[in-house]
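J.: The following comprises the amino acid sequence and a computationally predicted model.
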Amino acid sequence: MSVRFVPGATVYTKDGKSYTVDEVEDGTVYCNSPGGAQTEFAEDSLLNESEWAAKSDGRRDLFYTRLKQAKPYTLHAGKQDAVTASQLLAKIDRLSLGLLDYAAFITAEKVMIDNGDEQLISGLSIPKCRAVFDEARPEVRLSLVAAMLGINTDALLDAGRLGDNLMLALIEKGLANHGEAFEDFLDRPRR
């Protein structure tokens with residue numbers, strides 16, 4: 001029996017598809033796909049979990065560098081200035097703890113999907129996503145939050161000037177579009 005692959009373990013193809021090992025025999029790994037289909041691979045064409053993690057970490061680290069240059073972080077719409085946007089972001093952070101982390105995370109998630117790196121989403125680091133988010137210009141960050149909430153950036157800015165209650169109502173309305181995803185996100189470990 002192979003030391004690299006044991007029955008019940010998850011293995012990965014080089015393109016990131018995962019399978020569960022059923023049996024290993026004479027250099028062949030017999031697997032089941034998540035959908036239940038049975039397939040087989042040569043041992044040298046698969047990676048075990050630790051090998052996959054080592055390979056993925058390099059791609060993940062490179063991803064955070066590329067994330068800073070991705071379209072969501074380089075464009076913004078509206079007439080906001082940096083000072084006003086910074087003040088409104090501070091207010092949003094005070095009214096809804098974790099909302100800016102969530103905005104940073106789902107922005108990174110969308111960029112990963114657009115880049116074809118869906119298999120790496122489960123390994124995204126919330127603090128690293130937030131660091132990239134915090135490095136962006138305030139007006140860009142405000143645009144990302146507004147887009148996540150489904151609100152025009154200028155309308156969000158105007159609502160922020162009117163008071164905490166209106167801002168909180170807009171945040172809650174925008175988060176309703178995400179269902180339980182935001183609540184689930186708050187329960188994730190911050191690694």
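T.: Nice, I can see it. Because the structure is a prediction, the values reported are computed rather than measured.
J.: Would you mark the buried spots in stretch 72-89?
T.: Residues of stretch 72-89 classed as buried by neighbour count (16 or more other CB atoms under 10 Å): Pro72, Tyr73, His76, Gly78, Gln80, Thr84, Ala85, Ser86, Leu88, Leu89. C-beta: built from backbone N, CA, C; applies to glycine.
J.: which of those sit farthest apart?
T.: Spatial extent of the buried residues of stretch 72-89 (CB to CB) is set by the pair Pro72 and Thr84 at 20.3 Å.
J.: top strand in this protein by residue count?
T.: Longest strand in the chain by number of residues (criterion: DSSP state E): strand 18-25.
J.: per-residue confidence for the most centrally placed residue in the chain?
T.: Nearest residue to the geometric centre of the chain (CA atoms, centre = their mean): Glu109, 3.1 Å. For Glu109, the pLDDT comes out at 93.
J.: Do I have it right that it meets Ser122?
T.: No: the pair Glu109 / Ser122 is not scored as a contact, 10.2 Å apart, by CB atoms under 8 Å.
J.: so what does the longest strand of the chain touch, helix or strand wise?
T.: strand 10-13, strand 28-32, strand 38-42 (3 or more CB pairs under 8 Å, 6 or more residues apart in numbering; DSSP states H and E).
J.: in the protein, which helix or strand is least confident?
T.: Lowest on mean pLDDT, DSSP states H and E among the helices and strands of the chain sits helix 49-67, with a mean of 71.
J.: which is the next helix or strand following it?
T.: Using DSSP states H and E, the helix or strand that follows helix 49-67 towards the C-terminus is helix 71-74.
J.: after that following helix comes which helix or strand?
T.: Per DSSP H and E, the first helix or strand lying C-terminal to helix 71-74 is helix 82-95.
J.: how does this protein divide into domains?
T.: Annotated domains of the chain cover 10-47, 51-186 [automatic domain parsing].
J.: and Val3, which of these is closest to it?
T.: That would be domain 10-47 among the domains of the chain, by CB to CB, at 9.6 Å.
J.: Only the buried residues of that closest one, if you could.
T.: For domain 10-47, by 16+ other CB under 10 Å, it's Val11, Tyr12, Gly16, Tyr19, Val21, Val24, Val29, Tyr30, Cys31, Phe41, Leu46, Leu47.
J.: Now for Glu23: which residues touch it?
T.: Pro7, Val29, Tyr30 (CB atoms under 8 Å, 6 or more residues apart in numbering).
J.: wait, isn't the first one in contact with Val29?
T.: No: using CB under 8 Å as the test, Pro7 is too far from Val29 to be in contact (9.9 Å).
J.: shared neighbours of those two, anything?
T.: In terms of CB under 8 Å, 6+ apart, Pro7 and Val29 are both contacted by the residues Val21, Glu23.
J.: Stretch 178-191: which residues count as buried?
T.: Residues of stretch 178-191 classed as buried by neighbour count (16+ other CB under 10 Å): His178, Phe182, Phe185.
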